[in-house]
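S.K.: take this sequence and fold it.
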Amino acid sequence: MAEQENTDIPDEAQQKEQTLMDHLIELRDRLLHMVLAILIVFIALFSFSEDIFSLAAEPLLALMPEGTSMIATGVTSPFLVPFKLVLLLSVLLTIPYLLHQMWSFIAPGLYSHEKRMVTPLLISSVVLFYCGIAFAYFVIFPILFGFFISVAPEGVEVMTDIGQYLDFIIAIFLAFGIAFEVPVATFLLIASGVTTVSKLATKRPYIIIGAFVVGMLLTPPDVISQSLLAIPIWLLFELGLIASRIFLKEKAGETEGEGADDNVIMQTDEFELTEEPTPSDFPEDDHDEEGNPLTEDDMEKLFDEAEQEEEENNREGESSDTDPDPDVDPEKKS
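M.R.: Next comes the predicted model:
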């Protein structure tokens with residue numbers, strides 16, 4: 001038997017190792033598919049790199065004075081700038097496929113109600129990210145570039161370097177793309193029970209200040225760029241509150257006071273976890289009177305006391321079985 005048990009242990013370890021290797025192989029395959037997808041799109045778009053750069057530079061070129069143009073101050077800029085732009089565009093266009101690969105790897109470990117909740121959130125996140133980029137391109141860029149060109153000192157010709165221009169628009173695209181994810185973040189905070197609609201509504205002034213701080217950190221150092229990012233963040237925060245009111249039910253007792261919400265953990269369509277357990281709900285064998293979990297030393301003491309009580313009960317039982325009843329006459333008993 002001992003030899004059989006010893007032979008079983010390596011089999012179990014080997015099975016666990018094989019399971020881990022299967023996951024690693026699957027992860028490797030999906031990463032390769034993601035890289036391959038980006039590479040295919042990049043190869044297809046690279047032949048149109050000049051047209052793509054012209055399209056990206058259109059908001060600035062349309063506002064520049066006649067007779068001026070963009071310049072390349074670096075030796076490798078004429079090649080590297082379109083290369084970086086096409087690579088970035090390839091990643092942006094393959095985001096849905098990249099998320100699909102990541103989702104296919106993670107989904108088997110999720111519950112059905114989690115899958116139903118995550119799928120629309122992923123779709124809305126991608127759509128909002130694209131909306132943020134489109135908002136920056138069609139709305140923000142004309143305002144920013146028009147302002148910068150109009151305040152140029154007299155006698156100064158605006159000749160923007162293509163490398164600096166690419167870095168600038170990438171920063172703006174990422175800033176507005178991330179900023180447009182505020183409704184999703186707000187929805188997740190409320191859906192997970194971290195906070196409620198009413199609590200977030202009371203913190204609106206702090207949210208507005210935080211939006212301007214984020215605008216200061218994610219945009220170039222000018223007031224216009226910061227305001228153009230902070231105001232949409234605030235409006236998107238309000239959109240997240242409206243969506244939460246529509247699609248999520250308010251926690252029970254929220255209108256009566258915040259005390260009832262302190263113990264709320266999560267509420268979904270499939271299940272409800274309404275309140276945290278109180279100390280009286282804990283079993284007496286592994287928690288003290290206040291509901292705190294016992295340490296290993298305390299548990300050992302309890303086990304020793306239980307064993308001693310069991311031994312005493314066994315001894316009393318044996319003595320009662322062996323000792324004759326003094327009230328019974330031995331002759332009558334026989």
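S.K.: name the residues of the one helix or strand P78 maps to that are buried.
M.R.: Secondary structure from DSSP states H and E places P78 in helix 77-93. Buried residues in helix 77-93, counted by 16 or more other Cβ atoms under 10 Å: S77, V81, P82, K84, L85, V86, L87, L88, L89, S90, L93. In short, each C-beta sits where N, CA and C put it, glycine included.
S.K.: roughly how far apart are the first one and F83?
M.R.: Spelled out, that is S77. 10 Å (Cβ to Cβ, to the nearest Å).
S.K.: list the contacts of L128.
M.R.: F180, E181, P183, V184 (Cβ atoms under 8 Å, 6 or more residues apart in numbering).
S.K.: please read the previous query as pertaining to W103.
M.R.: Residues near W103 by Cβ under 8 Å, 6+ apart: V118, T119, L122.
S.K.: is I38 in contact with L89, as I believe?
M.R.: No - at 10.3 Å, I38 does not count as touching L89 under the criterion of Cβ atoms under 8 Å.
S.K.: related to what we said a few turns ago, from the buried residues of helix 77-93, which is closest to R204?
M.R.: L88 (35.0 Å; Cβ to Cβ).
S.K.: relative to N313, how far out is L302?
M.R.: Where N313 is concerned, L302 sits at a distance of 16 Å (Cβ to Cβ).
S.K.: so the nearest residue to L239 once chain neighbours are set aside is in which element?
M.R.: Closest residue in space to L239, ignoring its immediate chain neighbours: P183 at 4.9 Å, by Cβ to Cβ, 6 or more residues apart in numbering. Using DSSP H and E, P183 sits within helix 182-191.
S.K.: going by contacts, tell me the helices and strands next to that helix.
M.R.: Helices and strands touching helix 182-191, by 3 or more Cβ pairs under 8 Å, 6 or more residues apart in numbering; DSSP states H and E, are helix 112-135, helix 197-202, helix 223-247.
S.K.: can you do 7 Å?
M.R.: Here helix 182-191 touches helix 112-135, helix 223-247, going by 3 or more Cβ pairs under 7 Å, 6 or more residues apart in numbering; DSSP states H and E.
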